[in-house]
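Undergrad: all I have is the shape, not the residue letters:
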C-alpha cells in the first residue's frame, strides 16, 4: 500500500523501468439514484469532501447536480451500495 499519494481507482504505479499498458476496467452504468443533501448547510464543505473522496475510490459511484431542481444526485449499483456511502458520510465526515 502507498500512503500520502493522491490517487483514485484504476491508477497504476510502477518503478518506471518497464513500459506497461493495462486494459481499462469495465464500469457498469448506475442502476439507482438518490437526492442527497447535508443535514445542515454549514456541513456543505464536509459533504463535498466526502463525495469527492468516495467518487475517486469507487468508479461505480456517480455524483451530479440536477439542472432543474439543483439537488445533488448520488447514483450507484443499488440501494445497499448507496446506503453504505451515506453511512460512511455520517461516520467519517459527521455529515
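TA: Arrived safely, thanks for sending. What you are looking at is a predicted structure, and each value in this text was computed from that prediction instead of being measured.
Undergrad: for the residue nearest the centre of the chain, give me phi and psi.
TA: Geometric centre of the chain, nearest residue: residue 55, 1.7 Å, by C-alpha atoms, centre = their mean. Main-chain dihedrals, residue 55, degrees, to the nearest 10: phi -70, psi -20.
Undergrad: for residue 62, give the beta-bridge partners.
TA: For residue 62, the beta-bridge partners under DSSP bridges are residue 75.
Undergrad: from residue 38, how far out is it?
TA: In this view, residue 62 and residue 38 are 19 Å apart by C-beta to C-beta, to the nearest Å. (Glycine included, C-beta is placed from N, CA and C.)
Undergrad: more neighbours: which of these two?
TA: residue 38 (18 against 15; other C-beta atoms under 10 Å).
Undergrad: can you tell me the SS state at that one?
TA: coil (DSSP: H, G, I helix; E, B strand; the rest coil).
Undergrad: before we move on, what about residue 53?
TA: In three-state terms, and counting by three-state DSSP, residue 53 is helix.
Undergrad: tell me the pLDDT of the residue lying farthest from the centre of the chain.
TA: No residue in the chain sits farther from the centre than residue 17, which is 31.9 Å out by C-alpha atoms, centre = their mean. Looking at residue 17, its pLDDT is 81.
Undergrad: where do the helices sit along the chain?
TA: Listed in chain order, the helices of the chain (DSSP state H) span 44-57, 79-93.
Undergrad: ok, residue 45 to residue 94 distance?
TA: 12 Å.
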